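Engineer: no sequence for this one, just the structure:
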């Protein structure tokens, strides 16, 4: 594995109390790529994100974000990370523009007004929504605001937690297109998801997490090119979606 | 500053927060206006004293001028004393609403005159006046609870906490900044109306700063309580309930129980009992030989003993002597009562070190000079004035000097600030 990968996890063991959640997890996400992390409930997907954000400390092994240990220097690591939780919750009594402005200010960024509007536009948010309060926004629209913030922060790492859950197919397609643009900027994207179809659409690699370690990892191209139906049969994921 | 501006916008977009701040500012302003109007009423009453006194003395002088009797002059003339409110009294009326701030005394027995008025109106004595101290001590914590109970839990419940924590400058600095902003706004809602009122009343800068510091410290205490409760990681509703219970305990229940405990541990007579004892002593004097009364009086005040012996007729020097004997007979009880009051006050102030609500109230009353110490100082000034009054009238009575209209002008005047 190249040591320059923005996300680099090596033989990571992590747990809470006597319960071990991650057990020898190794994963690398290169710059300009999207890795989807799939796994059943309790497999350790969200804990992996927590470790990258510096919320959880490793028992053994190493975890770095652009060479920085998030547990040792969480502020510095978070400076390099944009994180989108499963439900992007922003401030309903602020407009899309004000939310972006505020979150950027919290991150130490002070972009100009036009720059924020450009980012909202690039994220696919229609201009009539920029100065509307978020109270009536759909999940997809909220995600676009959060993506705009991530774009403006120009961070090397984007962490996504179940980004397409609850999105309709069109919104999922829009989101994936946006994600492709983020990847094109050289960002390393780690996407935690249950949605194998969406992951297959956009990810460069899919890592299957089981009992706290990557059991299988496939690439989207080359000899490893993954076949969704085969993967589904093997890991019994997303049965409902595939049947539909 | 940019972040604070963002936080301010965020807070001001929350209707409930804005309403809470506006309500606190309104209550603060209303309490100050009421306090100022009460103090002005007291000042007006004190300012009206000279004219009323002149009218009163003129009526007595008309009568006395005919008889030339110093005893009648001493008996019928009332002499006003007053305790002018301090510049800061409007902020904490303290004991000024339950204790007299004007007392018209005669040269007769003093203790009954002082303690006749020592009957508290329980409706006023329990909760006190609606003044700035009341708003700060009793109501401001509720506004702290309103603005702080969901500071962190609200973000958690809205699903934003993880997003905020994941930001490079999220986490503790964010909560500190938000807490500081809320605290500053709450403080401003109290402080701005207070500063305007204080400037109007020409309160000394040091006293203004002291009150502002006390208010900030008290708000900080409650913000600290809210921060402790938020560490339990309960829901906003639970936080609010826990904080409301803490308010009930720390502001109402425990101070009341502490007061009951102090009163039980330090039992004292009521002031009215001293007045009653004094009256009984005075009334008893009518039934004992007058010579016994005079002997007892001269034993304590030999400077008047060269006075001519009493004849069979009534003489005011005997009347005033047994009044003074009455004062001296209850002197021990008066000292004990005062010591008891001071001990209770000291115990209450000591309680203030562990009960901020009690401590803040005591501190504000001390700064406003409306506490027990101020009331006792006023009593001391009355006693001192009364001694001069007695000496003045005794000079006529015990030498049988005639007293005419012009002698009223020579009577001692109470030396208090009339404004």
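Structural biologist: Yep, it's here. No experiment lies behind these values; they were computed from the predicted model shown.
Engineer: burial count for the spatially closest residue to residue A:110 that is not a sequence neighbour?
Structural biologist: Leaving aside its sequence neighbours, residue A:110 sits nearest to residue B:2 (CB to CB, 6 or more residues apart in numbering or on different chains; 6.7 Å). (C-beta placed from N, C-alpha, C; glycine too.) Residue B:2: 11 surrounding residues under other CB atoms under 10 Å in any protein chain shown.
Engineer: From residue B:281, how far off is residue B:232?
Structural biologist: Distance of residue B:232 to residue B:281, given as CB to CB, to the nearest Å: 62 Å.
Engineer: So for the two, which residue has more residues nearby?
Structural biologist: residue B:281 (20 against 11).
Engineer: by contact count, what packs against the helix or strand hosting the more buried one?
Structural biologist: Counting by DSSP states H and E, the element that carries residue B:281 is helix B:271-285. With contacts taken as 3 or more CB pairs under 8 Å, 6 or more residues apart in numbering or on different chains; DSSP states H and E, helix B:271-285 sits against helix B:110-115, helix B:316-329, helix B:331-351.
Engineer: Quick check: mean pLDDT of that helix?
Structural biologist: Mean per-residue pLDDT for helix B:271-285: 87.
Engineer: can you list the residues that contact it?
Structural biologist: Helix B:271-285 is contacted by residues B:109, B:111-112, B:114-116, B:118-119, B:293, B:322-323, B:325-327, B:329-330, B:333-334, B:337 when judged by CB atoms under 8 Å, 6 or more residues apart in numbering or on different chains.
Engineer: same thing but 10 Å
Structural biologist: B:99, B:108-120, B:269-270, B:292-293, B:296, B:318-319, B:321-331, B:333-334, B:336-338, B:341 (CB atoms under 10 Å, 6 or more residues apart in numbering or on different chains).
Engineer: shaky segments in chain B?
Structural biologist: Across chain B, the ranges flagged by pLDDT under 70 are B:117-128, B:170-171, B:416-419.
Engineer: Let's see the PyMOL selection covering just the buried ones among the contacts of helix B:271-285.
Structural biologist: In PyMOL syntax, the buried subset of the contacts of helix B:271-285 is picked out as below (16 or more other CB atoms under 10 Å in any protein chain shown):
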select buried, chain B and resi 99+108+109+110+111+112+113+114+115+116+118+120+269+293+296+318+319+321+322+323+324+325+326+327+328+329+330+333+334+337+338+341
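Engineer: Within reach of chain A, which of the contacts of helix B:271-285 are there?
Structural biologist: Contacts with chain A within the contacts of helix B:271-285, counted by CB under 10 Å from any CB of the partner chain: none were found.
Engineer: Which neighbouring elements make contact with whichever strand or helix holds residue B:227?
Structural biologist: Residue B:227 belongs to helix B:205-230 when assigned by DSSP H and E. Packing partners of helix B:205-230 (3 or more CB pairs under 10 Å, 6 or more residues apart in numbering or on different chains; DSSP states H and E): helix B:132-134, helix B:140-148, helix B:153-157, helix B:172-200, helix B:236-247, helix B:356-367.
Engineer: Specify the angle between that helix and helix B:236-247 in degrees.
Structural biologist: Put simply, helix B:205-230 runs at 130 degrees to helix B:236-247, going by axes from the mean of the first three to the mean of the last three CA atoms, to 10 degrees.
Engineer: Buried by neighbour count: which residues of helix B:205-230 qualify?
Structural biologist: B:207-208, B:210-212, B:214-216, B:218-219, B:221-223, B:225-226, B:229-230.
Engineer: Repeat that for stretch A:119-136.
Structural biologist: Across stretch A:119-136, burial judged by 16+ other CB under 10 Å covers A:119, A:120, A:122, A:123, A:124, A:125, A:129, A:130, A:133, A:134.
Engineer: any chance of these in CSV, plus secondary structure and distance to chain B?
Structural biologist: Shown next, in CSV, are the buried residues of stretch A:119-136 (DSSP: H, G, I helix; E, B strand; the rest coil; distance: CB to the nearest CB, whole Å):
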residue, secondary structure, distance to chain B
A:119, helix, 17
A:120, helix, 17
A:122, helix, 20
A:123, coil, 16
A:124, coil, 20
A:125, coil, 18
A:129, helix, 18
A:130, coil, 16
A:133, strand, 9
A:134, helix, 11
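Engineer: I'd like those as TSV, with pLDDT appended.
Structural biologist: Formatted as TSV, the buried residues of stretch A:119-136 follow (pLDDT from 0 to 100):
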residue	pLDDT
A:119	85
A:120	88
A:122	81
A:123	81
A:124	82
A:125	85
A:129	89
A:130	92
A:133	91
A:134	88
